[in-house]
Structures are given as structure tokens and as C-alpha cells.
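Participant: Generate coordinates for the sequence data below:
(chains A, B, C, D, E and F)
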Protein chains: 6
Amino acid sequence: MSNNIVDEFNAYRSKMNEKLLADKNKIVKRIFNLDTNTYAEGALPKKTKELLGLGNSLVLRCDDCVRYHMEECFKLGIPKEEVVEALSVSLLIGGTIVIPHMRRAYEYWEALETYES
Amino acid sequence: MSNNIVDEFNAYRSKMNEKLLADKNKIVKRIFNLDTNTYAEGALPKKTKELLGLGNSLVLRCDDCVRYHMEECFKLGIPKEEVVEALSVSLLIGGTIVIPHMRRAYEYWEALETYES
Amino acid sequence: MSNNIVDEFNAYRSKMNEKLLADKNKIVKRIFNLDTNTYAEGALPKKTKELLGLGNSLVLRCDDCVRYHMEECFKLGIPKEEVVEALSVSLLIGGTIVIPHMRRAYEYWEALETYES
Amino acid sequence: MSNNIVDEFNAYRSKMNEKLLADKNKIVKRIFNLDTNTYAEGALPKKTKELLGLGNSLVLRCDDCVRYHMEECFKLGIPKEEVVEALSVSLLIGGTIVIPHMRRAYEYWEALETYES
Amino acid sequence: MSNNIVDEFNAYRSKMNEKLLADKNKIVKRIFNLDTNTYAEGALPKKTKELLGLGNSLVLRCDDCVRYHMEECFKLGIPKEEVVEALSVSLLIGGTIVIPHMRRAYEYWEALETYES
Amino acid sequence: MSNNIVDEFNAYRSKMNEKLLADKNKIVKRIFNLDTNTYAEGALPKKTKELLGLGNSLVLRCDDCVRYHMEECFKLGIPKEEVVEALSVSLLIGGTIVIPHMRRAYEYWEALETYES
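Facilitator: Okay, the predicted model is just below:
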């Protein structure tokens, strides 16, 4: 069952991103390009940047953004303990309003862990 | 299938708005009245005001508000290119956190275009 | 049917909170403890504090937080008229962007009223 | 010295509100009218409503709104302990990001207490 | 005196933007480039785009962004009545929390009108 | 001159924090305690956690929080290039609305670099 969450999320994301990019709007195209480049290895390691992306997304309470960065963290092999610690910083900064989003973040991480490819 | 999104959204919206207004709360009633008047022709044309409503809604990341103003823009015959340009301004101002809401905005616009009345 | 909304919300909430607390993260644990203590009788009566929790949640546009505090208000026997008045303060302060969340708040209150235990 | 904060805030607020209302914009005028009516005695007592206005303002991190509602609370004779408890609910819900605004809220309350009319 | 607000804002903005761009960070540089291009004539006229930038900024309660777009609107010769109407849409959508930012917006517009070059 | 910004910020922060803690409110006291513990060495190194605190603060557009975490990053010897990279992630995620806060962040970093103790 957990494949569903992951697969559905990624399928919808890919399908719609394609449509957004099919239009000839330059701003959209460039922001998408930037989005890919921003998390590349730089002065900070890729892992730290993905944790930053995750933390920022949680504090801004964007479930889909949290899912995306969770998946990137998972693929990079960041252990759950580190991911949870990053989330906990956002919980303190963002307050209890963040809790419902943290519940959904945990659900997605679990789905990633039990995903059968 | 696309009728579903549009019809479901509008049915739920109408049904619940009725309930909100059935209560005798003055603030709620007056805010709803204001909401209708605000987007009327004025110093600015109706179209510009709906684009403002759309842009503000996207930047505040309110999916239902985005849907509502998309539908108004669609009914006013604003071409997709203009709607997308307004969305792109909000994307730049609001950052990548806005992208998931833009995906859903595109999905709704497509549903409006393929809607069979 | 209304039992579904209430039961589903509480079941998911309990299940995931348990998982969040199963991890040994101290910040998460302490924030959860604080969350329980904050709404206890104090200088302000419990009812006022739950209305504050509800109003703050609406203005921050967190549907799950709104649901949680609505349920607490309902259990404390706060009449609908008072709850709606608290919501209307948040509507004025937070603007029309709050309306979609208010619709869902009303739906949940109705579900609580018709809940058959 | 504390008179300065209070007097400056109120002088600027009055002067600019007058200018906002001097324009013939209906939305602005009606929102201002609503703003006055919302906090009147109703299903909830005036004090509870001012505490709601204060809590919502803190969680939305609006210093001037916090100041305005603090002053209303002060005039209504709400004891500091109750005001602080309302603020603490907002601190928990809104997280540590709220702290800088709470510092400024305390400063304003102190100015109100030492104000010499 | 009104020259001070305008001149100070622009001097600080220019000085610090230069420092931000002096660093070799690509993301910063590209976002700044995009920022310039986004408000150029396109499917929507320049004026509409500046009003969108202004409305989005107000609803997000960013005083400096409001000032920047007010100045652009002023330079484009958009009459005050239209600017105020755009602000009023944001006031309705964003709620009374927006009022303090609207006061400062009015102050800046007045400064622009009385500016002696 | 740059000593002024740093010294003023820290003096005001200390003075007001003391007042906040002088009251007997438990929530406030515990949130402050948590705030100290959260950024300690853990599964993630202290430096990563301060960068997370900084990034989250920027994306939430809290100038004082940004200043606080900048100072912590500075004391930990994190090079400017890394700090800027963390800020740039927040700029992309949070959008151009973040720029004014980034200008003030740069100003504070410069003040830290030229601080004479």
C-alpha cells in the first residue's frame, strides 16, 4: 500500500511539471532550472542542502515540498535520526502548527522505507 | 473526468457558504458581501482585479482561492497566456514553495477548458 | 457519514502521533508535553484558551489544528454561537483567504454535532 | 520615555488611518467599520474578543496589531497574567519565530503601565 | 522631509544589492536577473504586472517590497485611485493584519508625490 | 559604527528576554529552555543545526531570528560562503519576498566581521 503514496506523488508531480514547462513562460522555466541547480554540491555538501530544503519546507508547511525533499534525503542515504533532528528544529521554530505536517512527513518517510521497487 | 473537479469544488463551496451565511454572524455576512463587491468594475477593469485576486491567492498558497479566481478569469475570457503570466509573477515573488499550488492551478484550468456543460 | 470525518481524523492523528513519539527525539517529546499543558486551566479559563487555540489555528490556516481545537471546544460544551464568533474574529483579521478553511471548520463542527458514539 | 512609544504609535496610527479613510475606496472604509464592530460585546465578552485579537496578531507576527490589541486589553483592565497567558498560547502554536515579537509586546505593555496621562 | 524616506530606501537598497551581487553566488545572481525580467512588457502590460507585484507584496506584508513596487507604479504614471484599488483587493484577501502595512504604503506614496528631484 | 548594530541587538534581546523569563509563565520558560537545547550537538553537527535555524528564519522572514543565527554561525567559524549558500536556498524557496531580509542579513554579517571587541 505504501507504494501508492510514493508512486502517486511522483506520477502527479511529473505529469504536471511537464505541463507547466510545456508553456513558453520564461520565468517558470528558469525557476525550475534554478531549482535543480540549487541543491547540487557546492560550498555546502548536497546532504546539508537537502536538509535545508526539507527544514524550510516544513516550517513553511508545504506538504508536497516536504515529500520531495524527504525523498531526496532518503535517496542520499541520510539516516532517519538526522532527518528527524532537522524536522525537530523546524518544529521548535515553527511551533505546534507544524505538527500535522510532521505527521504526514513521517507517513511519507515510512512509505519510502517500505517501498518495493 | 475533468467535470468532477470543477463540479465538486463548486458544489462543496456553495453548500458550505450557505451554511456559513445561515448563521446570524454579522462579520461573516459582511465579509461575504464585500467579497462580491471588491471584484466589480472600478478604477481598475474587472479582469485586472480578478488577476490580482488570483495572484494574491497563489502567493498566499490557498488552493481553493486559486481555483475560484481561475474560474472567474476563465469566465471573463482571459487567455491562458495572461493567466500564466500572472501566476509566474507570484511564482517569482513567492518562490518554489508555490510550485505545488501552481501544479494544482494548471490542473484546474485544464478542467475548466475541457468542461462540458 | 459524519462519523467518518471525526473518526478518520482522530484515528490518523493518534496513530501518527504515536510514531512521532516512538522516536527518541527530545524536542518532539517536549513540544508534545507542552501542547497538553498549555490548554489547562490557568489565569485564563480552559474555554478561553481553547478558543484562543482555535482562533490562532484558523488565522494560520491549519485545517487539522482547527479540527482539533473545534473538538476540544465541543467537548467543553462551548455553544456554536461563541465558536462562530471566535472564528469571525479570525476571518476579519486573516481576510477572505481564511474562508475555505472556515468552510471546512463548519463541516467538522456539524460532524461533531451529529456524531453517534 | 515610555510615553514616547505609546504616543508615537497612536499619533502615527491616527494620522495615517485618516488618510486611508479620506480616499473614497469603499472596501477600505467598510473593513475599517467592521474592525470597530468586531470587538464589541457579543456572544463572547469584549475581553475574550480582545484576547483573541491579540493572540491572532502575535501568531501572525504583526507588531502594530499586537500593540493595538495590547492597549485595548490594558484599557479593559485585563491583568498582565492573563495577557501573558494568551501570548504564551500563541508562542507555543507559532513557535520560537514569535519570540522577537513577544519581546516587543512586553516592551509595549511596560510602556502602557508606566504611561503618565 | 519626504525626500528622506524615498532617498534612504533607495540608497540602502542599492548599496546592499551591490554587496549581495558582489558575492559569486549563482542563485542570488539569477534570481536578481529574473526579478528584472519578470515585470517587463509581455502577455500582460507592464502596468498590470507592477500592480500584481504590489498586490502580492502587500498580502505577504513585505514593506520594502511594497515600497519598491509603489515606486515603479508611480514612475509608470499609474493614478493613485488605481493603486489604492489594487491595495484594497489585498486588504480584503489578507485581512486587517494588512492595515499597518497599508498605512506605511500610503506614507510612501505621499513621499513619492512630494518628492523634489 | 558596526558595533552599534550588534551591541544594540544583543542588549535589547538580553534585557527583554530577562523580563519575559521574570514572569512565572511555564510555557515561555520551557520554550526558552528548549530553544537552548535544540541547537546542541546531536545526530546532526551543531553547525548544520545553526544553518538550519538560519535558513528557517530567513524563509519565515524574521529579521531578529536571522540575526541571532547569523551570530551563532559566525561564532562557530562557519565561512561566509557557506552561510550565503544556506541563505540562497532560502531565497529560492521563499522567493523575492525574501530579498529585503537578505539585505539586512548581509548588513549584520558585515557588522559581525568588523566588530571590535
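Participant: Just say helix, strand or coil for the residue located most distally from the centre of chain A.
Facilitator: Of all residues in chain A, A:Lys24 has its C-alpha farthest from the mean position, at 26.1 Å, by C-alpha atoms, centre = their mean. Recorded secondary structure, A:Lys24: coil (DSSP: H, G, I helix; E, B strand; the rest coil).
Participant: A:Ile78: neighbour count?
Facilitator: Burial of A:Ile78 is recorded as 21 neighbouring residues (other C-beta atoms under 10 Å in any protein chain shown). To be clear about C-beta, it is placed using only N, CA and C from the backbone, and glycine gets the same treatment.
Participant: just checking, it touches A:Glu50?
Facilitator: Yes. Using C-beta atoms under 8 Å, A:Ile78 makes contact with A:Glu50 at a distance of 7.2 Å.
Participant: For A:Leu60, which non-adjacent residue is spatially closest?
Facilitator: Distances taken as C-beta to C-beta, 6 or more residues apart in numbering or on different chains place B:Ile97 nearest to A:Leu60, at 5.1 Å, with adjacent residues excluded.
Participant: Can you check the pLDDT for the one you found?
Facilitator: At B:Ile97, the model reports a pLDDT of 98.
Participant: Next, it: phi, psi?
Facilitator: phi -60, psi -20 (degrees, to the nearest 10).
Participant: List the contacts of it.
Facilitator: Taking C-beta atoms under 8 Å, 6 or more residues apart in numbering or on different chains, we find B:Ile97 in contact with A:Asn56, A:Ser57, A:Leu60, A:Cys62, A:Cys65, B:Arg61, F:Val59, F:Ile93, F:Gly94, F:Gly95.
Participant: Chain neighbours aside, what residue packs nearest to the second one?
Facilitator: Of all residues not flanking A:Ser57 in the chain, A:Cys65 sits nearest, at 3.6 Å (C-beta to C-beta, 6+ apart).
Participant: Equivalent analysis for the fourth one, please.
Facilitator: The shortest distance from A:Cys62 to any residue other than its chain neighbours is 5.0 Å, reached at B:Ile97 (C-beta to C-beta, 6+ apart).
Participant: For that neighbour, give its distance to A:Asp63.
Facilitator: B:Ile97 is 11 Å from A:Asp63, where distance means C-beta to C-beta, to the nearest Å.
Participant: The residue positioned nearest the centre of chain A: which element?
Facilitator: The residue lying closest to the centre of chain A (C-alpha atoms, centre = their mean) is A:His69, at 2.0 Å. Secondary structure from DSSP states H and E places A:His69 in helix A:63-75.
Participant: ok, now A:Met16?
Facilitator: Counting by DSSP H and E, A:Met16 is part of helix A:2-22.
Participant: pLDDT averaged over that helix - what is it?
Facilitator: On average, helix A:2-22 scores 94.
Participant: That one near chain C at all?
Facilitator: No. Helix A:2-22 lies apart from chain C when judged by C-beta under 8 Å from any C-beta of the partner chain; the minimum separation is 13.2 Å.
Participant: quick check: angle from that helix to helix A:63-75?
Facilitator: 110 degrees (axes from the mean of the first three to the mean of the last three C-alpha atoms, to 10 degrees).
Participant: Quick one: residues in contact with helix A:2-22.
Facilitator: Here helix A:2-22 has contacts from A:28-29, A:32, A:64, A:67-68, A:71, A:107-108, A:110-112, A:114-116, B:99, B:102-104, B:106-107, B:110, using C-beta under 8 Å, 6+ apart.
Participant: And those residues, which of them are buried?
Facilitator: Neighbour-count burial (16 or more other C-beta atoms under 10 Å in any protein chain shown) is assigned, among these, to A:28, A:64, A:67-68, A:71, A:107-108, A:111-112, B:99, B:102-104, B:106-107.
Participant: Spell out which parts of chain A neighbour chain D.
Facilitator: Counting by C-beta under 8 Å from any C-beta, chain A sits next to chain D at A:Leu91, A:Leu92, A:Ile93, A:Gly94, A:Gly95, A:Thr96, A:Ile97, A:Val98.
Participant: Tell me the one among those nearest to A:Ala43.
Facilitator: Nearest to A:Ala43 among the residues of chain A next to chain D: A:Ile93, at 23.1 Å, using C-beta to C-beta.
Participant: Provide a list of residues in contact with that closest one.
Facilitator: A:Val59, D:Gly95, D:Thr96, D:Ile97, F:Gly53, F:Asn56, F:Ser57, F:Leu60, F:Cys65.
Participant: now, which of the residues you listed lie within helices?
Facilitator: Under the assignment DSSP state H, these contribute A:Val59, F:Gly53, F:Asn56, F:Ser57, F:Cys65 to helices.
Participant: and A:Glu72, what does it touch?
Facilitator: Neighbours of A:Glu72 in contact, by C-beta under 8 Å, 6+ apart: A:Tyr39, A:Glu50, A:Gly53.
Participant: Could you list the low-confidence segments of chain A?
Facilitator: A:1-2 (pLDDT under 70).
Participant: Which of the buried ones among the contacts of helix A:2-22 fall within helices?
Facilitator: Using DSSP H, those in helices are A:28, A:64, A:67-68, A:71, A:107-108, A:111-112, B:99, B:102-104, B:106-107.
Participant: What about whichever residue of chain A sits closest to chain D, how many residues nearby?
Facilitator: Using C-beta to the nearest C-beta, the closest approach of chain A to chain D is made by A:Gly95 at 2.9 Å. Neighbour count for A:Gly95, taken as other C-beta under 10 Å: 26.
Participant: which residue packs closest to it, ignoring adjacent ones?
Facilitator: A:Gly95 sits nearest to D:Gly95 (C-beta to C-beta, 6+ apart), 2.9 Å away.
Participant: try A:Pro79
Facilitator: F:Ala43 (7.4 Å).
Participant: Now do the contacts for that neighbour.
Facilitator: When contacts are taken as C-beta under 8 Å, 6+ apart, F:Ala43 is in contact with A:Pro79, A:Glu81, A:Glu82, A:Val84, A:Glu85.
Participant: just curious, which of these is nearest to chain E?
Facilitator: For the contacts of F:Ala43, the nearest to chain E is A:Glu82 (24.0 Å; C-beta to the nearest C-beta).
Participant: Can you classify the closest one by secondary structure?
Facilitator: Of the three states, A:Glu82 takes helix according to three-state DSSP.
Participant: how many neighbours does it have?
Facilitator: Neighbour tally, A:Glu82, other C-beta under 10 Å: 17.
Participant: sorry, back to before: right, and the residue nearest to A:Gly95 touches A:Ser88 too?
Facilitator: No. Using C-beta under 8 Å, D:Gly95 makes no contact with A:Ser88, being 11.7 Å away.
Participant: Run through the residues that contact A:Gly66.
Facilitator: Actually, residue A:66 is Val rather than Gly. Taking C-beta under 8 Å, 6+ apart, one finds A:Leu54, A:Ser57, A:Leu58, A:His101, A:Arg104, A:Ala105, A:Tyr108 in contact with A:Val66.
Participant: Revised request: answer the last question for A:Gly42.
Facilitator: When contacts are counted by C-beta under 8 Å, 6+ apart, A:Gly42 is found next to A:Lys49, F:Glu85.
Participant: Over to it. Which of the three states is it?
Facilitator: coil.
Participant: Also A:Tyr115?
Facilitator: Going by three-state DSSP: A:Tyr115 is coil.
Participant: Buried ones among the contacts of A:Val66?
Facilitator: If we count by 16+ other C-beta under 10 Å, the contacts of A:Val66 have these buried: A:Leu54, A:Ser57, A:Leu58, A:His101, A:Arg104, A:Ala105, A:Tyr108.
Participant: interface residues of chain A facing chain C?
Facilitator: Counting by C-beta under 8 Å from any C-beta, the residues of chain A near chain C are A:61, A:80-81, A:84-85, A:88-89, A:91-92, A:96-97, A:99-100, A:102-104, A:106-107, A:110.
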